[in-house]
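Participant: build me a structure from this.
(chains A and B)
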Protein chains: 2
Amino acid sequence: MKRKKFLLDENDVPRQWYNIQAEMPNKPMPPLNPATHKPLHADDLAHIFNQECSRQELDQEHAWIDIPDEVRDKYCYYRATPLVRAYALEKALDTKAHIYFKNESTNPLGSHKINSALPQCYYCKQEGDTNVTTETGAGQWGAALSYAAKLYGLEAAVYQVKITMQQKPYRSMIMRTFGATVEGSPSMSTRAGKNIITADPNHPGSLGTAISEAIELATTTPGCKYTLGSVLNHVALHQTVIGLEAEKQMEMAGEYPDEVIACFGGGSNFGGIAFPFMRHVFDGTHKDTKFIAAEPNSCPKLTRGKFEYDFGDEAGYTPLLPMFTLGHDFKPANIHAGGLRYHGAGVIISQLLKDGYLAGMDIPQLESFAAGVLFAQTEGIIPAPESCHAIAATIREAKRANVEGKAPVILFNLSGHGLIDMPSYMSYINGDLANYTVTDDEIEKNLEKVPLTIDK
Amino acid sequence: MKRKKFLLDENDVPRQWYNIQAEMPNKPMPPLNPATHKPLHADDLAHIFNQECSRQELDQEHAWIDIPDEVRDKYCYYRATPLVRAYALEKALDTKAHIYFKNESTNPLGSHKINSALPQCYYCKQEGDTNVTTETGAGQWGAALSYAAKLYGLEAAVYQVKITMQQKPYRSMIMRTFGATVEGSPSMSTRAGKNIITADPNHPGSLGTAISEAIELATTTPGCKYTLGSVLNHVALHQTVIGLEAEKQMEMAGEYPDEVIACFGGGSNFGGIAFPFMRHVFDGTHKDTKFIAAEPNSCPKLTRGKFEYDFGDEAGYTPLLPMFTLGHDFKPANIHAGGLRYHGAGVIISQLLKDGYLAGMDIPQLESFAAGVLFAQTEGIIPAPESCHAIAATIREAKRANVEGKAPVILFNLSGHGLIDMPSYMSYINGDLANYTVTDDEIEKNLEKVPLTIDK
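Facilitator: Reported below is the predicted structural model:
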């Protein structure tokens, strides 16, 4: 019998996160103060984030950062997650490619997000904070944060993108079951929210609007820190447990990936699986590994955005970040992959993309759901609409390999399951879903509002 | 660091199911032909079920039955499931009891049901059938069957209890994503359904009504076999993989359970975890293990039913089964644990209950959800409303142990997660849920319709 699952013992759960910043050939450019355009230091971030995450955010020295024992202890409840060889999918594709996926859908709350929610809440608790707040799109991050906050005895307030809250009502129920307060964004409870609603009463919300509201709450509430589920360097850092485990598990399978694929919203699950493998590109042991970030073609910052200094949120509360962006008030189409509706790419990823270490691949909505249904019907797991993009990219690569007569080893990250996203699947199956595109003019127009261009 | 998870390698996934019938001190009484009251043989069942399951149903000789390689191969995609020490729950209960749970929520579709869906569909395919049909309550079984049918290239038609279909709309969406046809029961598409609706147009449905409809479809459609997700002996047989794995995993933990607990609808997840441990009661190596089946107090067949020959369905299509029953047309209250809304207990369990090998424990709805929320907030997994009953029973036992100054080892089966059941949790959290009771008079009145009493 062929082996399908590669499991690691608790002892093999990583004890350190991999900080790719320390080993990148070109370091990321610094975040800037929007008023002065001066580089920010960890202390400047620490009125928004907890101190340790602020430090990790800018750490370009230490390639390995210890995972606190108490966090690792919590990881061990569910990690290591399985690595699975997708034989049934391979058969359906009639491909010689070897397809593996890292199954983060087995995590509590069903996605990789818990990997960063735990350390962020742990550090807040350690530093004496009492409250945390955040934004959430599809709700995967909000659910994970609500659970982690409860575990460490913190109060959680979550701003959820309004359109996604309506599309996926179960996720706010999950957050409330863990005792969190949930508000649809844009809301009337913050200045940022009120401004957005005043300008556009029907604004569906986006990660950008929700981030603005959460930052405002954090900076105006004593003892309350903001936490982010993607985009930032320290979030991707925490997610490297995914790739570090996968590396050991691929070794158990006796293979090394020719291609590493993940969906892409802000970069946390992509960085999580990709960075540990990318270090072997840097050290020359596996120079030719291909990295593919699968984004929705309706929110194409990697494939059609520009590398500029932009805000991370709609209202302009964040520092200026050097990122591939569509403009901070880009309004993504109402696709069901709520976690991918974000205008920019994280700073590390943006630098790596600029330097040619990864490629974006844009996937239309219908192609993503077709891939998701095929995966469900073969592998038995209904994938999150976000993860469907990674599967669609994997299927494209496998089909290309068929045409070219090759048999690559493909590893993708199944970032989460889609059981809470069933109405999206029903819309797809009933033929009610559409593809969305975005014109060059729209992108150009939005990019005019970028606050600081980068001299190339 | 204390070890929390006990994992088994693919090699340790069982190769045989444990058939408790062969080792029970008192064998179950035979199913009877309703017209003649004569014992049925496997051939008599094989117009409803596939032949191999019909054979397994009545097998009182072979204690171990080989799992077909092709089924075991499919099991290995997700089995062995983890055994977890619930340290966080223990801490919240301030108990010295050691609480372990077998985590069947990590299975595809989120419950133990897949363990029997796979072999049932496999045997149908082997025997040349093209279609399968079934009933489902909460939808866990229907979802698992839909996936298994797709995997083996069979068409699936599912009758889902109408009230649960409305309470939990996502589960029918899951079934449809796997390509199954889903109909609310009672429906107008069968004679049985039409009769029930004619008598009571507002009938909310029950597992009993849905079973009648599915059996009618199977017996009137060439190439179509009926499959059942609980109650029957062969279903519990397939589920023994749970307990067989748990036995090895408890050994890894260096402990043996003093108590084994599971929720109880028809008996499949209870039998699955309990039977392998019960064999050590029979062989004398662990004589004092206590077995607790947690049922809703609104559907109390174990604690308040009678041991009689009764139908397994509402319309009276099944053979007469010797079971603890509340009467085959008992209408369970509309509790959210849809999988426990069934009037009778499986034949094996009924005999074992009569012989004193297990005890029923009846749990009110509000107590079950309180237990579920505590478990979610401590262990991070939102349990299925059905599984909440097992958790509530576990909490009762841990608290009793505290009072008595004892420290028992308790093992319970987490039969599934509740992510699809979030509206139920919201109703509970919003204070909209009630307890239901059933009066002695109601039970007595229903039991008058039992077709054949057993001389005690």
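
Participant: beta partners of A:I261?
Facilitator: Assessed by DSSP bridges, A:I261 has beta-bridge partners A:I292, A:F412.

Participant: count the residues that sit near it.
Facilitator: 29 (other CB atoms under 10 Å in any protein chain shown). No exception for glycine: its C-beta is placed from N, CA and C like everyone else's.

Participant: I'd say it and A:A392 touch.
Facilitator: No - taking contacts as CB atoms under 8 Å, A:I261 lies outside contact range of A:A392: 9.6 Å.

Participant: are there residues contacting both of those two? Which ones?
Facilitator: A:A294 (CB atoms under 8 Å, 6 or more residues apart in numbering or on different chains).

Participant: which helices and strands does the helix or strand that contains A:F324 pack with?
Facilitator: Assigning secondary structure by DSSP states H and E places A:F324 in strand A:320-325. Counting contacts by 3 or more CB pairs under 8 Å, 6 or more residues apart in numbering or on different chains; DSSP states H and E, strand A:320-325 is packed against helix A:301-304, strand A:306-311, helix A:347-354.

Participant: how near is the nearest residue to A:M188 once chain neighbours are set aside to chain B?
Facilitator: Nearest in space to A:M188, with sequence neighbours left out and distances taken as CB to CB, 6 or more residues apart in numbering or on different chains, is A:K194 at 5.7 Å. Using CB to the nearest CB, to the nearest Å, A:K194 is found at 28 Å from chain B.

Participant: and if you look at A:I261?
Facilitator: Distance from A:I261 to chain B, by CB to the nearest CB: 21 Å.

Participant: ok, that residue - contacts?
Facilitator: A:I261 neighbours (CB under 8 Å, 6+ apart): A:F291, A:I292, A:A293, A:A294, A:A390, A:A393, A:T394, A:E397, A:I410, A:L411, A:F412, A:N413.

Participant: could you dump those residues to JSON lines with neighbour count and pLDDT?
Facilitator: Shown next, in JSON lines, are the contacts of A:I261 (neighbours: other CB atoms under 10 Å in any protein chain shown; pLDDT from 0 to 100):
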{"residue": "A:F291", "neighbour count": "22", "pLDDT": "98"}
{"residue": "A:I292", "neighbour count": "24", "pLDDT": "98"}
{"residue": "A:A293", "neighbour count": "30", "pLDDT": "98"}
{"residue": "A:A294", "neighbour count": "29", "pLDDT": "98"}
{"residue": "A:A390", "neighbour count": "31", "pLDDT": "98"}
{"residue": "A:A393", "neighbour count": "29", "pLDDT": "98"}
{"residue": "A:T394", "neighbour count": "28", "pLDDT": "98"}
{"residue": "A:E397", "neighbour count": "23", "pLDDT": "98"}
{"residue": "A:I410", "neighbour count": "26", "pLDDT": "98"}
{"residue": "A:L411", "neighbour count": "29", "pLDDT": "98"}
{"residue": "A:F412", "neighbour count": "27", "pLDDT": "98"}
{"residue": "A:N413", "neighbour count": "26", "pLDDT": "98"}
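
Participant: wait, which of these is closest to A:A97?
Facilitator: Nearest to A:A97 out of the contacts of A:I261 is A:I410 (CB to CB; 5.5 Å).

Participant: now do the SS call for that closest one.
Facilitator: strand (DSSP: H, G, I helix; E, B strand; the rest coil).

Participant: next, the contact list for it, please.
Facilitator: A:I410 neighbours (CB under 8 Å, 6+ apart): A:A97, A:H98, A:I99, A:Y100, A:P257, A:D258, A:E259, A:I261, A:T394, A:E397, A:A398.

Participant: how close does it sit to B:N19?
Facilitator: 42 Å (CB to CB, to the nearest Å).

Participant: cool, and A:A371?
Facilitator: A:A371 is 42 Å from B:N19, by CB to CB.

Participant: closest approach to chain B from the stretch 251-400 of chain A, which residue is it?
Facilitator: Nearest residue of the stretch 251-400 of chain A to chain B (CB to the nearest CB) works out as A:G380 at 3.4 Å.

Participant: and the pLDDT at that residue?
Facilitator: Note for A:G380: predicted pLDDT of 93.
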